[in-house]
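J.: Have a look at this fold, sequence not included:
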């Protein structure tokens, strides 16, 4: 299976965060590098999970912050490890 390039990963993240108010501390380029080897679906899930993290913290959260993406990344890594070990 073909893995997306960093440029493609950045485009995928851009699409999935387009309607999402992002805090200035969110660097999609850095996230794209972190997601090396991820599929488009996995990156879409990361964006959804980060938005849910923001809402869990404050239902009226004005923006999704880097900390929300970090929490979502940690959660995705734990899920991936548990799936592989099953």
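T.: Alright, I've got the coordinates. These numbers come from a predicted model, not from an experiment.
J.: Contact partners for residue 16?
T.: 43, 44, 47, 48 (Cβ atoms under 8 Å, 6 or more residues apart in numbering). Every C-beta, even on glycine, is put in place using the N, C-alpha and C of the backbone.
J.: Check the spacing between the last one and residue 7 real quick.
T.: Using Cβ to Cβ, to the nearest Å, one obtains 22 Å as the distance from residue 48 to residue 7.
J.: Looking at the two, which is more packed in?
T.: More crowded of residue 48 and residue 7, by other Cβ atoms under 10 Å: residue 48, with 13 against 10.
J.: check which helix or strand covers that one.
T.: helix 40-57 (DSSP states H and E).
J.: now swap in residue 8 and tell me
T.: Assigned by DSSP H and E, residue 8 belongs to helix 6-17.
J.: Touching the next helix or strand after that helix from outside, list them.
T.: Once the chain leaves helix 6-17, the next helix or strand it forms, by DSSP H and E, is helix 28-34. The contact list for helix 28-34 (Cβ under 8 Å, 6+ apart) reads 6, 9, 10, 13, 14, 17, 22, 46, 69, 73.
J.: Any idea how many residues pack against the first one?
T.: Spelled out, it's residue 6. Look at residue 6: counted by other Cβ under 10 Å, it has 12 neighbours.
J.: just the second one next, same as before
T.: Applying other Cβ under 10 Å, we find 24 residues neighbouring residue 9.
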